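1. quick check, what structure comes out for this input:
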Amino acid sequence: MSHHVVNTVRGVDLREPNVTARDALEADGMRWTAQRQAVFEVLDQMRTHPSADEIHRATRQTVPDISLATVYKALDAFIACGAVKKLTSVGDSARFDVRTDSHHHFWCVDCERVFDVEDPGAADWIRGRRIERGFVVTGFSLTFEGHCAHCAI
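-> Sure, this is the predicted structure:
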């Protein structure tokens, strides 16, 4: 499990290079179970922003009796401790991302794949916008949609 979380939860600095999802989970008072480990490893290896159903199917290859409900509970735990982000602005079902650092997404409306987009200029532009009515922005999610290079052909 080489992926490291970028976030700060309950006094644990998840930006440190040796701090893992397990550390984040345990710092939030939750147990690291074999099922949670299997779910996280699948999500970390897939890197395709899979849905819970896709994670469930892949996890069943190593844990055949794992239920979809257990996968959802594991994902909820990882979201709660900051180890996973839930993407809700891409298609009909939520997708999940082990990258919790600041980055954006591109959703292909044809093949429904989700890609990471690195554009620090967009983040700087958004941070510079004035928000009216007293809102305090603590974060944002930017999702582009269109046709990926493969589908645009």
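2. right, and the helix or strand after the helix or strand harbouring residue 25?
-> Element membership for residue 25 (DSSP states H and E) is helix 21-27. Sequence-wise, the next helix or strand downstream of helix 21-27 (DSSP H and E) is helix 34-46.
3. what about the strands in the protein?
-> Remark: strands assigned in the chain by DSSP state E are 8-9, 12-13, 85-87, 95-97, 104-108, 114-117, 143-146.
4. which residues of this structure score low on pLDDT?
-> Within the chain, the ranges that satisfy pLDDT under 70 run 1-18, 120, 127-130.
5. make it 90
-> Within the chain, the stretches with pLDDT under 90 are 1-21, 23-24, 27-28, 47-48, 81-82, 88-93, 99-104, 112, 117-144, 153.
6. contacts only, for the residue nearest the centre of the chain.
-> In the chain, the C-alpha nearest the mean C-alpha coordinate belongs to residue 97, at 2.1 Å (C-alpha atoms, centre = their mean). Neighbouring residues of residue 97 by C-beta atoms under 8 Å, 6 or more residues apart in numbering: 49, 84, 85, 86, 87, 105. Just so you know, the C-beta spots here come from the backbone N, C-alpha and C atoms, and that holds for glycine as well.
7. kindly recompute the last result at 10 Å.
-> 43, 47-50, 84-87, 103, 105, 114, 116 (C-beta atoms under 10 Å, 6 or more residues apart in numbering).
8. coming back round to it: so which other helices or strands are in contact with the helix holding residue 25?
-> Judged by 3 or more C-beta pairs under 10 Å, 6 or more residues apart in numbering; DSSP states H and E, the packing partners of helix 21-27 are strand 8-9, strand 12-13, helix 34-46, helix 68-80.
9. for burial, what's the neighbour tally of the residue lying closest to residue 89 once chain neighbours are set aside?
-> Excluding the flanking residues, the one nearest residue 89 by C-beta to C-beta, 6 or more residues apart in numbering is residue 143, at 4.6 Å. Other residues lying near residue 143 total 14 when counted by other C-beta atoms under 10 Å.
10. give me the beta-bridge partners of residue 143?
-> Residue 143 has these beta-bridge partners by DSSP bridges: residue 105.
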